[in-house]
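[1] Below are the sequence and a predicted model; questions follow.
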Amino acid sequence: MKIRKALVTAANPRQRTLPLQTLIDPAGEPKSALQVVLEEAEAAGIEEFGVVVCPGDEARYGEACGRLRGRVRFLPQAEPRGYGHAILCGRAFVGDESFLHLVGDHLHVAHAATGCARQLIDVAVAEQASVSAVQATRESQLTAFGAVGGRLVGGERPLYQVETVLEKPTPTVAEQQLIVPGLRAGFYLCFFGLHVLPPELFALLEEQAAREPGRPLGLSPALHALAARRRYLAFSVAGRRFDIGAPYGLLYAQLALSLSGRDRDRVLTQLLELVAARAD
Amino acid sequence: MSVLELITSPEAATRDRALDVWCAGRDLPALLAAAEELDGYRRREDNLYRRVRALLFLSALHRYHLPAQPGLNRLGRVPPDGFRHLLERRFEEAITNFRRAQEAHGPSETLCSALAAAHHALAFQTLADQVRRTVRGTQGNAWMFRLGHPLDQPLRVRSDLLAPGGTGPHPLLRERTPVRMDLTHCGWSDIFFLGMDYPEGARVLNLSVDLGVHGRDTGPRPPIEAYFRVIDEPVIRLASVDLEASATLATLDDVFDFGRDYLGLLKAAVIAAGIVPPGIERSGAELGALLGAVFGPGRGCELVSSVNRIPKGSRLAVSTNLLGALIGVCMRATGQIGALEGPLAEADRRIVAARAILGEWLGGSGGGWQDSGGLWPGIKLIEGAPARPGDPEHGISRGCLLPRHTLLGPDRVPAAARRALQDSLVLVHGGMAQNVGPILEMATEKYLLRSAEEWVARGRAIATLDEILGRLAAGDIRGLGQALTANFFGPLQTIIPWVSNRYTELVIERTRAAFGEDFWGFWMLGGMSGGGMGFIFAPARRVEAQERLLAIMLATKRELEFSLPFAMDPVVYDFALNEEGSVAARLEGAAALLPPAFYQQAVPGWLRRQARDLSPRERADLQQFTRAARQGGEFAALLPSLLDRLLPGTSGAEGEAGLLDRLLDGNGFDREQHEQIRTDLRAGRIGLARNRLPPSTRIEDVAPGDLFTAETASAELRAEGAAALRRGEAAVVTYAAGVGSRWTQGAGVAKALHPFAKFAGRHRSFAEVHLAKSSRTAAEHDTTIPHVFTTSHLTHAALAGHLAGIGPVPGTEALLSPGRSIGLRLVPMERDLHFAWQETAQQRLDEQKEKVRGSVRAALVQWARAAGEGADYTDNLPAQCLHPVGHWFELPNLLKNGTLARLLAERPALRTLLVHNIDTLGATLDPALLGWFRRSGATLGWEVIPRRLEDHGGGLARVDGRLRLVEGLALPREEDEFALTYYSTNTCWVDIDRLLDLFGLTRAEAADPVRTAAAVRVLAARLPTYVTLKEVKRRWGHGQEDVFPVAQFEKLWGDMTAVTECPSVFAAVPRARGQQLKDQAQLDGWARDGSARHVDSLCAW
């Protein structure tokens, strides 16, 4: 298995400016959020990039791709019909091979020298299976993410066989269906915004769309169906995800990038000064 | 065979052997050794249920088997520290303390009673703790106990419950839920403990039904409705239209304050649904912030409940299903249940049922595991589910907390059979309201002890289910009726005799007489009979039966309403099977209407205010109501009653006040004395704290030579007494003026008339038992015995009617001595409430119930302040506002009302009276004791018994050197009581002539009302007046009851032992003679320890 292509979804009509936000990367270089996402994928060995966008965003997003502009294909989603539909827009671009999927509004900061996307692809190649990156997440944040239930299969590695996928479950439902042995009480495996997915996912999405015409198409039901049909894994990557669309999300992402890079001391000093200056 | 094998044996036959059988034939040392062995075992055993069985074995050994051993020392003392541990629910410490006392002083009946109580309480606490832990750990519930900050609240209201654009009235979500009927009566196998230990035996056939009150409602419908909506205020608004109560909760403390108002159930629902999760209690968080997280900034929610005025005590699990409906609607609204509208999926029903159990625990109540059956549709078999690996119960209990529901569709129970059941069954509420809590404890205990007869009966009850299911499936309703009747009169009454009562059996008997072969059977619903019940008839006569049964129940209630606690008049229901279960609908626009009764209660308040002062929500609701009323129907029909509420009338209150005045005037109410008592009470000159003797008083226990031991009475004394009886020199006086405040928790029925147990084939009242004893004594001594019942305004007419109904009892002459003293209850002083709750030792409740009790007490203090401390208590039925003024007045009343003079005139030989409490069932004119008393030459002779743990209220003591009885409330320190070996039975022998002499009267003067009244007044003034708090029930609505503590005063006959010119002697009598039945929960032990048999042996029927 070789993963050559990455599909990035960035077509949320309510968050069209998010991927264009400028951040300073760990090396101290100013970049758009989109470029940070694409470079993470590039570092994992991706050669071609497909970015699903709202129609009309191609030019602005093109500028935001920086040096990778030439390897990016924009895939307009004519109308907002759900996350699953956005993925489906990449079907022709992906073709008949497994691909890396990233979410345009999530940035990842690895806790190791290897980037998060690289870690995930390594596992997918080694296991010859589809894998979603997950992060143990407190139950209070469950309703912001897709979440998986399953069992540990990786021995010492945090690798899980996925049995259930639910989109934004309440903790009531999660406790009944998504308990994963070995996790702390009140924590669940939630998506990280990174997946290595098989081409058959598109067929699953189409089946789902046919079953419920007119309804927004989600990704989680298709992934749940995928888990029932073939070996589908979840891997808890060594890193953290940052949803830049959440309140203060961009700020937290920037801090995480800065504190993991060249300007760590400078930023930390500034933060401490800010804290110290506030007397009450 | 070791006693432990009954618990640990791998053989079911050994495990299911009764402890009673094992104990039979074993002597005292063998039983004490068994207790030691069990104690060691229960301390090292990890398995919960084995531990609990060992604890209950220990309790039974100490309660029944050791006291039955002749060699056991009867005298002992309970260490006060151990007793305090017991009250504070530190049961392990209490057991250790009692065992230490046993090692030091040897085993005794007194210590056995303490050890029995402590082991019993520890067993039930262990079981309750385990259920609670399992409820908390149930998947889907646990997260709510971890949540401690509003930012962590993960729930969000569904967007389709918000008005488009976020402005204007938000849509309503309505959940409609049926109630449940138990078609088998399951032998109480739906108690959580039983289901979790013996899942194979926990099986019920449970039906979801719609209901209407026959003659009032147009037809059956799901009686339970719960409404939810988002409101634009950062508060929770709650309203119960049946209880006419509403509240606005603005803080977390408001939400967790269960006892403050009648909305505890709605609060429990908000918590159990996770909107205000239990983990956030006492976190200091702002309720507004928490609600903002769920509903959006500045928003909150409103929850409204309605049970279509179905009376309380219906045995149809109305409150559990209402809780389920409320939780369900909240969980739908916050996305915890997949479907916003329509029926629930199986997984959703299970999580709602689990949350309902949690909610009941939070609210300090409890139900059975089948109670939320209304959430499911139609007919279902509910069975205990064995715990499997992965279940939170696995390794702890044999069964799961939640049972398994199997829906029985038309393939299992055909449509024709369903129709046939509905065509034959008449469902009723008999009107009685009783506490089933003690029954459930008894059922659990008997199951765990495998008591022989009861265990066989349980097996039969389980087998009955299959028979009932078979007959139902075949549409054989006649056979079904027979099976249900056999179950009621057979296994159920064998397990718990107290499930039946005189009322139920009379109604069955009269129905059978009225309908003959067309009455097919009786069906007991729920914990005990008298409330919700079913009667099965030939279909052709069902309609007629609805009317006639109501008439039969009403007539029977009228006969017995002074004997048994009724909360309301009986009603007949219309019912229909509900095949949908709980169903929700989203209502918007003109259809978004709350129940009509909601507007009936809210609209008058809105109309009294200026339109500009109304909030947008109130204005929108008023517009909705106006629009609906214009359309006609039930909303338009409300308009006249709305006008009535705007201008409330006062007619009823005037009527009751007039009746109260008449009762006061007609029963010797002393207004001058009443005002003096009020003044003293308000000034603090009298009160609970002032009842006590000065702290410097010396209280010492008596020495063996201070009293006579009845068991040592010589044949000579016995012969002397027997001769006196033959000569007609003795009479009996039974105190029957009281209403048994503890016996029926303040329900205000005459205790003397309560048909409490079956003797010679039917339920008999206390009065009948006492007459039957006198009858036997009379026959044995060839004489006639006058038997006087002292009465009060509360009991006189009822007792007179009762005695007339019984007719002449051979060898006795029954007389009534009407009370001549009456008091008017007062609103208590706040300091007396605090004294009663804080300064006197009280049983601590479990954590959640203690919290509820705390908030109820805070509300009662508020009530006392608002009603006016020391003011007349008149906000109740007149009979509940009056009180008898203590048993000191009972004998003087015999003088004042001329009863004694008449007796003496008719029977000049009469010399001695035996005076006793209504509940001292063993008291008889025993010839040996009569002989002892006559020979003593004393004025009064008192009977005492060796104290057991449960005997509170003072005892026999040397008080500053004088041998006398001292009341518990007069002891300077509560712990003084524990130093007293003997407890007063209040049974008293009276030498008539010496007593008259004490009053300064002769036999001739006893007939002079003026002289007797003056003599009584003089002696009364020398005796202390005690202030006490009594609980009275105030009934309202549809079977609802509130209990209020009210102040009253009393003088007590035992204080005569302190009067120096009144020589008293004392005799220690056997427990069987002196024990009293104060609480209905004692009945089972009383029957099991042989006391009932003993009483029966004293009677002639």
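    Done, it's in.

[2] can you list the residues that contact the longest helix anywhere in chain A?
    For chain A, the helix with the greatest residue count under DSSP state H is helix A:264-277. Helix A:264-277 is contacted from outside by A:Leu255, A:Ser258, A:Leu259, using CB atoms under 8 Å, 6 or more residues apart in numbering or on different chains. Bear in mind the C-beta positions are built from the backbone N, C-alpha and C, glycine included.

[3] and that helix, C-alpha only, in PDB?
    This file holds the C-alpha atoms of helix A:264-277, laid out as PDB (Å, rounded to 0.1, in the frame of the first residue of the first chain):
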ATOM      1  CA  ARG A 264       9.400  28.700  22.300                       C
ATOM      2  CA  ASP A 265      11.300  30.800  24.900                       C
ATOM      3  CA  ARG A 266      10.200  34.100  23.300                       C
ATOM      4  CA  VAL A 267       6.500  33.200  23.300                       C
ATOM      5  CA  LEU A 268       6.700  31.700  26.800                       C
ATOM      6  CA  THR A 269       8.400  34.900  28.200                       C
ATOM      7  CA  GLN A 270       5.700  37.000  26.600                       C
ATOM      8  CA  LEU A 271       3.000  34.900  28.000                       C
ATOM      9  CA  LEU A 272       4.400  35.100  31.500                       C
ATOM     10  CA  GLU A 273       4.700  38.800  31.200                       C
ATOM     11  CA  LEU A 274       1.000  39.000  30.300                       C
ATOM     12  CA  VAL A 275       0.100  36.900  33.200                       C
ATOM     13  CA  ALA A 276       2.300  38.800  35.600                       C
ATOM     14  CA  ALA A 277       0.900  42.200  34.400                       C
END
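
[4] Chain neighbours aside, what residue packs nearest to B:Met1056?
    B:Cys1062 (5.4 Å; CB to CB, 6 or more residues apart in numbering or on different chains).

[5] just B:Glu943 next, same as before
    B:Thr987 (4.2 Å).

[6] export the helix or strand containing that neighbour as CSV, just CAs?
    According to DSSP states H and E, B:Thr987 maps onto strand B:982-991. Output of strand B:982-991 as CSV, limited to C-alpha atoms (Å, rounded to 0.1, in the frame of the first residue of the first chain):
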residue,chain,number,x,y,z
TYR,B,982,-37.4,-2.4,83.3
TYR,B,983,-39.7,-0.7,80.9
SER,B,984,-43.2,0.3,81.9
THR,B,985,-46.1,-1.5,80.1
ASN,B,986,-48.5,1.1,81.4
THR,B,987,-50.6,-1.8,82.7
CYS,B,988,-51.9,-0.8,86.1
TRP,B,989,-53.9,-2.6,88.8
VAL,B,990,-56.1,-0.1,90.7
ASP,B,991,-57.6,-0.6,94.2
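
[7] mean confidence for the helix or strand following it?
    As assigned by DSSP H and E, the chain's next helix or strand after strand B:982-991 is helix B:992-998. What helix B:992-998 shows for mean pLDDT is 96.

[8] about what we covered before: against which helices or strands is the strand holding B:Thr987 packed?
    strand B:912-916, helix B:927-936, strand B:940-946, strand B:954-959, helix B:1071-1074 (3 or more CB pairs under 8 Å, 6 or more residues apart in numbering or on different chains; DSSP states H and E).

[9] Just the pLDDT for B:Ala905.
    95.
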